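**Student:** Sequence below, structure please.
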Amino acid sequence: MTARYLRMRHILFGALFCGFSFAKAAPALADGCQLVIQGEGVVSAVIDQRTLRLEDGRDIRLAGVEVVAGEPANRRPALAALIGRRVTLRGERDDPDRYGRQTAFIYLGTSTSSVQSDLLARGEALVSAEVSDKSCAAELAAAEAAARQTRRGTWAESSVVKSAERPDDILARIGQFAIVEGYVRSVRAVGGTIYLNFGPRWTRDFAATISRRIMPSFEAAGIAPMSFEQRRIRVRGWIERRGGPRVEVLRVGQIEVAHD
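**Tutor:** Numbers count the residues shown, from 1 in each chain. Okay, the predicted model is just below:
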């Protein structure tokens, strides 16, 4: 990846590094992801690949990322290097989710790059497209793009992005977060739903659905779902089965035109 390529995405990365150390965080731009500080604490345990526990008992869920489904069970959790480290929590709000977890961006020391960005840059996570702050979303997307371009971590495997032409492979990921890529054959509006159809058979082929309720978000972004027809796109989200495999699009960021 060239320096020019990175500048086009409005973010600078330091040297990408191997292993599980977070000591050398990739620098972010000064006007990048700078959400309000929502607290701090010392990490005492790793609950799962997206959840940390602090010494004061709080469980912190990493905002903006999802783990890669099908990772080897013997892979050391990347977050284990944070145990015993003091972290700063940033976010738009600090109220807990229904499981009592606080969702936040996590920072080490004086680093301006979040732990999430570092995980993405090493190919240890995928962008979830759930972040509403544009600067933060852009930073995460650039970090993932860096890993994809250099085939780091999970991107070294050819199966990270599922082909829309292989619905059976997609169905194997039901209930999991995945990225699906393919050509949109048609776009149809039925009732209150817009369907991006990647094949001619709705009972078998992959489709992405967009509720008319979120159309104002697409309009605000200057995007018309009809414009995706006959274009190659990537859709990220949770795999469901409704006849064929489906992904429900709840946010504009779940869809991107595939340029690479």
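
**Student:** Contacts only, for residue 217.
**Tutor:** 251-252 (CB atoms under 8 Å, 6 or more residues apart in numbering). Using the backbone N, CA and C atoms, a C-beta is placed for each residue, glycine as well.

**Student:** quick check, it in a helix?
**Tutor:** Yes: assessed by DSSP: H, G, I helix; E, B strand; the rest coil, residue 217 belongs to a helix.

**Student:** and it, how far is that from residue 223?
**Tutor:** The gap separating residue 217 from residue 223 is 9 Å, by CB to CB, to the nearest Å.

**Student:** ditto for residue 180
**Tutor:** 18 Å.

**Student:** Leaving out the residues flanking it, which one is nearest to residue 174?
**Tutor:** residue 239 (5.1 Å; CB to CB, 6 or more residues apart in numbering).

**Student:** With residue 114 instead?
**Tutor:** residue 105 is the one closest to residue 114 (CB to CB, 6+ apart), at 4.5 Å.

**Student:** on that earlier part again, looking at residue 180 and residue 223, which one has more neighbours?
**Tutor:** residue 180 (27 against 15; other CB atoms under 10 Å).

**Student:** residue ranges for the helices of the stretch 1-150 of the chain, please.
**Tutor:** 3-8, 115-121, 134-150 (DSSP state H, counting those that start in this stretch).

**Student:** With adjacent residues omitted, what lies nearest to residue 185?
**Tutor:** Residue 185's closest residue in space is residue 197 (CB to CB, 6+ apart), at 5.4 Å.

**Student:** of all the helices of the stretch 1-150 of the chain, which gets the most neighbours per residue?
**Tutor:** Most buried of these, by mean neighbour count (mean count of other CB atoms under 10 Å): helix 115-121, with a mean of 27.

**Student:** helices or strands next to it in the packing?
**Tutor:** When contacts are defined as 3 or more CB pairs under 8 Å, 6 or more residues apart in numbering; DSSP states H and E, helix 115-121 packs onto strand 59-62, strand 65-66, strand 102-108, helix 134-150.

**Student:** Which neighbours do residue 217 and residue 223 have in common?
**Tutor:** By CB under 8 Å, 6+ apart, the residues touching both residue 217 and residue 223 are residue 252.
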